[in-house]
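> okay, here's the prediction I keep looking at, along with the sequence it came from:
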Amino acid sequence: MKSISNPCHLALQILLVSFASPALAENVNITFLQLNDVYEITPVSGGSSGGLARVATLKQQLKRQNPRTYALLAGDFFSPSALGTAKVDGKPLAGQQMVAVLNAMGLDFATFGNHEFDIPEDSFYQRLKESQFKWVSSNVFDAKGQPFPKIPQSQIINIKGDRGAVVRVGLIGLTIDSNRRSYVSYRDPIEVAKEQVKLLKNKVDITIAITHLAITQDRELAESVPEIDAIFGGHEHENIQQWRGQDFTPIFKADANARTVYIHNLLYDTKTRRLKIDSRLQPITNEIADGPNTAKVVKQWVEKGFQAFRADGFAPERVVATTSVILDGLEASVRNRSTNLTDLIANSMFKEVPNADLAVFNGGSIRIDDAIPPGPITQYDVIRILPFGGKVLAVDLDGKILERVLNQGQANRGTGGYLQTANVSQDPTTKKWIIAGKPLDPNRSYRIATSDFLVSGREVGLDFLKLGQPGIKLVAEKRDVRFAVIDELKRAR
């Protein structure tokens, strides 16, 4: 049985009733430092936010205050990132730089995010071997339904207090089923959580779920599995504090790319079995100094990645333009509406294809999840914006298919399949599409400038948009979209 007081405040008190008294009575303080959705090892927002070397400093500060301090990462860090696409010895880094820096930072525990499975199977297993931190994954398995090597479905941390009392903290890890790959299988996270909590019963004093789920799933978890004392999650990229379920189980998510982290101070009374959770959102800014050891590792990997980009024809440090405005590449923006950055990319593609009627690309190809501040823009910034690159294609498309594509793009609002365009508008009254100032004619063909990915049939709801299908004809293959964007930036100086 569990009861709670002051459920609407950040400091929570949870009473666990037990008929057995521990051998030693003591208040044991435990600190968890929570990150989620980290794709950059360096600071973002022009250097003003984030940076794993700064997080390393914070962890050391917390550990000096309380030696019972642990850093947790709630998924998404192998991919996607600009540096992760750099090819070293013929293969993309594919998260190698992330694991190395998190090792140096002192990460203790992690669970999988959906983007851990972006990378090839051999790279995935290699990243697991390189990890010096511990993994926990309760509902994600290999293709045969077996746990990945040395990754348990739960972890128990035995934490000793100053007077010798031991608090047993159980960790489970839950991941959203949104990235099906041939080497991965999933089970329902709620059902698995119920099973794991049952297995942990009488073996732990505190149960924490590290999750990479949609917030709706986290709410369902809190409501369905009241034995969980706290949910430290990720996936949304924006900080969240919510309390759900009969016991008002707390749900916390920090901002992506370590713009913020959560610091959770848990105070557990081994006599009364009362747990108090006091959490605060901590911005990671340039007021926090870099941890020197982590900063050294960051520098090594940045240089290694830059050397690889140079070999591919880029000059990553070269300034290509100076912007007087913020260029909005935040995921919450580019997957829901057009911004000055999406307009710039669409216009660059439009100009890349002579005689194009319009340009269209998926907002999910923008991976920077950052707002670039006024000032110089380098080629590496462009790589960060579009890390996967890809060729601009000239494609002739039947009007009926184009109308279907544009409608699906609107239906995909909020996801990576939301479509960004140039030379396209929509009548606010009739909702009819306007191309180059004229109503879309379903009986004519249109030449579109688009990305090679968008006409691969792999985007959500756009499986019909595939080269070679009737009414979809490849006309020409142009340059990597990033070189087109660089030229557009130069024109817009």
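Cool, the structure landed.
> C-alpha from now on. contacts and neighbour counts both.
OK.
> helices of the stretch 1-150 of the chain, residue ranges please.
Ranges of helices in the stretch 1-150 of the chain, per DSSP state H, counting those that start in this stretch, are 52-65, 96-105, 121-130.
> could I get those helices in a markdown table, plus columns for distance to Arg187, mean pLDDT and mean neighbour count?
Converted to a markdown table, the helices of the stretch 1-150 of the chain look like this (distance: least, C-alpha to C-alpha, whole Å; pLDDT from 0 to 100; neighbours: other C-alpha atoms under 10 Å):
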| stretch | distance to Arg187 | mean pLDDT | mean neighbour count |
| --- | --- | --- | --- |
| helix 52-65 | 32 | 98 | 20 |
| helix 96-105 | 26 | 98 | 22 |
| helix 121-130 | 19 | 98 | 15 |
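> save these as a markdown table, and put in distance to Thr415 too.
Output for the helices of the stretch 1-150 of the chain, formatted as a markdown table (distance: least, C-alpha to C-alpha, whole Å):
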| stretch | distance to Thr415 |
| --- | --- |
| helix 52-65 | 27 |
| helix 96-105 | 25 |
| helix 121-130 | 25 |
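> quick one: closest of those helices to Lys432.
With C-alpha to C-alpha as the criterion, Lys432 lies closest to helix 121-130 of those, at 44.2 Å.
> on the three-state scheme, Thr342 is what?
Of the three states, Thr342 takes helix under DSSP: H, G, I helix; E, B strand; the rest coil.
> tell me which of the helices of the stretch 1-150 of the chain approaches Val166 most closely.
Closest approach to Val166 among those (C-alpha to C-alpha): helix 52-65, 18.4 Å.
> just give me how far that closest one sits from the chain centre.
What separates the centre of helix 52-65 from the centre of its chain is 22 Å, taken as C-alpha atoms, centre = their mean, to the nearest Å.
> so what does it touch, helix or strand wise?
If contacts are counted by 3 or more C-alpha pairs under 8 Å, 6 or more residues apart in numbering; DSSP states H and E, helix 52-65 sits against strand 69-73, helix 96-105, helix 292-311.
> ok, 7 Å please
Judged by 3 or more C-alpha pairs under 7 Å, 6 or more residues apart in numbering; DSSP states H and E, helix 52-65 is in contact with helix 96-105, helix 292-311.
> from Arg479, how far off is the residue nearest to Lys490 when sequence neighbours are not counted?
Nearest non-adjacent residue to Lys490, counting by C-alpha to C-alpha, 6 or more residues apart in numbering: Ala321, 5.7 Å away. Distance from Ala321 to Arg479, counting by C-alpha to C-alpha, to the nearest Å: 20 Å.
> higher neighbour count, those two?
Ala321 (19 against 15; other C-alpha atoms under 10 Å).
> dump the residue contacts of that one.
Counting by C-alpha atoms under 7 Å, 6 or more residues apart in numbering, Ala321 touches Pro376, Ile377, Leu489, Lys490, Arg493.
> that one belongs to a strand?
Yes - per three-state DSSP, Ala321 lies within a strand segment.
> can you tell me how far it is from Glu488?
On the measure of C-alpha to C-alpha, Ala321 and Glu488 end up 9 Å apart.
> ditto for Thr294
Distance from Thr294 to Glu488, counting by C-alpha to C-alpha: 36 Å.
> compare the two (neighbour count), which wins?
Thr294 (25 against 21).
> so where's this structure shaky on pLDDT?
Applying pLDDT under 70 to the chain picks out residues 1-23, 493.
> quick check: Thr69 touching Asn29?
No - look at Thr69 against Asn29 with C-alpha atoms under 7 Å: they stay out of range, at 9.1 Å.
> can you name every helix or strand that the helix or strand hosting Tyr262 contacts?
For Tyr262, the host element (DSSP states H and E) is strand 260-269. Here strand 260-269 touches strand 27-35, strand 274-283, going by 3+ C-alpha pairs under 7 Å, 6+ apart.
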